[in-house]
Each structure stands twice: as structure tokens, then as C-alpha cells.
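Novice: dropping a prediction and its sequence here:
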Amino acid sequence: MTHEAIIEHLRGCLLPDWETLPDFGLYKDQMISFVSRSLPGVSGRLDLTASMINNYVKAGLIEKPAGKKYSREALAQLLMVVQLKLTTPMEMVKTLLHPEDGTETRELYAQFRAYQDQVIAEYGKQEAAPRLMYALKSSSLQLMMLLSGEEAVPEAEAPASAPRAREGKRGTEGAAKNKKRPGNDEDLH
């Protein structure tokens with residue numbers, strides 16, 4: 001894929017502006033249609049279904065509908081879930097979308113969109129696609145996010161300076177068995 005094609009694909013993944021989100025309730029099928037049309041860069045990797053939306057509601061990822069209609073906030077949460085689930089464990093997605101400080105959905109959505117714009121601008125400055133650099137950067141950011149979202153490891157198990165240094169039950173072997181994989185919606189049942 002060429003550099004220009006990657007930038008176009010990234011632009012197809014941009015969240016729509018908040019003001020373009022319907023400010024009236026949408027039925028589930030309308031939500032699915034809106035997400036598919038709004039995120040053409042993701043839709044090829046997206047098989048959003050009504051049961052997935054039900055699971056996201058049950059898991060507390062998106063707001064419950066009023067009657068059978070979903071709010072603008074629920075739509076915004078769904079748009080963010082669809083993007084985050086590709087690379088982020090669902091438990092972390094819930095933490096990101098419902099922070100303890102009570103940040104409103106509109107503000108989170110604006111921050112998410114601003115970060116997307118920043119990534120596209122940064123990538124656009126490159127003459128060629130430095131894949132290794134982006135892979136390392138992405139991996140480092142994912143690791144930082146996972147470590148910052150985990151509960152503290154008791155001091156008896158690992159020193160504070162190296163919370164994941166031990167292998168075995170709490171190290172990579174145990175983590176592989178116990179961690180949910182990004183985008184695994186079956187974990188929500």
C-alpha cells in the first residue's frame with residue numbers, strides 16, 4: 001500500500017465530528033448503518049451486529065437505550081468501541097470510555113478525534129511509510145496502556161520498579177491464558 005493510500009485509509013477511520021452525530025434516538029439497525037457508513041476505513045474489518053450491540057450494553061460499554069432508541073452518547077461510545085476493539089482488550093475499552101473522573105462522553109469523543117487527527121498529521125509528514133517505527137511506537141503505547149490500566153502487583157510478588165518482571169503465573173505464560181484478546185466479543189457473553 002502506498003503512503004498516500006495509507007493516509008486515505010486513516011482518514012476513512014476518522015470519527016465523524018460530534019455535530020454530525022444525530023441528536024435524536026436511533027434504533028439498533030440505524031446505529032449499525034451509521035457506523036458502517038461513517039467508518040469506511042474500518043468497515044472491512046467490522047461485522048457489527050445487533051447482538052454485539054446488546055453485548056456492549058450488557059458489558060457497560062455503551063449506554064442503555066431509552067425504549068428501543070439509542071442516544072447520541074451511545075452512538076459516540078459505539079463508534080469508539082468499534083475502533084478500540086481492534087487493538088485493545090475490552091476491559092480496557094470500558095475503562096477508557098468510562099473514566100473514574102466522570103469525563104463526559106462528548107469530551108472523550110473530542111479527545112479521541114483529536115488524537116486521530118494528530119496521528120494522520122504525523123504520518124502525513126513522512127515521505128515514506130516507516131513501518132518499523134510505527135510498529136514499535138504502537139507496541140510501546142499498547143504496553144504502556146496495559147501496564148497503566150492493571151492493578152498493582154503486590155510487593156511480595158514483584159518489586160515496584162519491575163511489576164511484570166517475574167515469569168510464570170503472573171508473567172507471560174499466565175497472561176496468555178488469563179488475558180482477553182482485543183476484539184474478542186465472545187468474552188462479553
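Specialist: Okay, I see it. Keep in mind it's a predicted model, so treat the numbers as computed, not measured.
Novice: so how far is L15 from A66?
Specialist: 23 Å (C-beta to C-beta, to the nearest Å). To be clear about C-beta, it is placed using only N, CA and C from the backbone, and glycine gets the same treatment.
Novice: repeat for K68
Specialist: For K68, the distance to L15 (C-beta to C-beta) stands at 24 Å.
Novice: hang on, Y70 packs against G25?
Specialist: Yes - at 6.2 Å, Y70 counts as touching G25 under the criterion of C-beta atoms under 8 Å.
Novice: more neighbours: the two, which one.
Specialist: Y70 (25 against 17; other C-beta atoms under 10 Å).
Novice: can you pull out the strands in this structure?
Specialist: Under the criterion DSSP state E, strands are not mapped anywhere in the chain.
Novice: flag the shaky bits of it, pLDDT-wise.
Specialist: Low-confidence segments of the chain (pLDDT under 70): 1, 3, 41-46, 127-140, 142-189.
Novice: helices along that one, start to end?
Specialist: Secondary structure of the chain by DSSP state H: the helices cover 3-11, 28-38, 40-43, 50-58, 72-84, 90-97, 105-124, 131-149, 172-178.
Novice: hmm, back to that, A66 and L15: who's more crowded?
Specialist: Neighbour tally, A66 and L15, criterion other C-beta under 10 Å: the higher count belongs to L15, 22 against 10.
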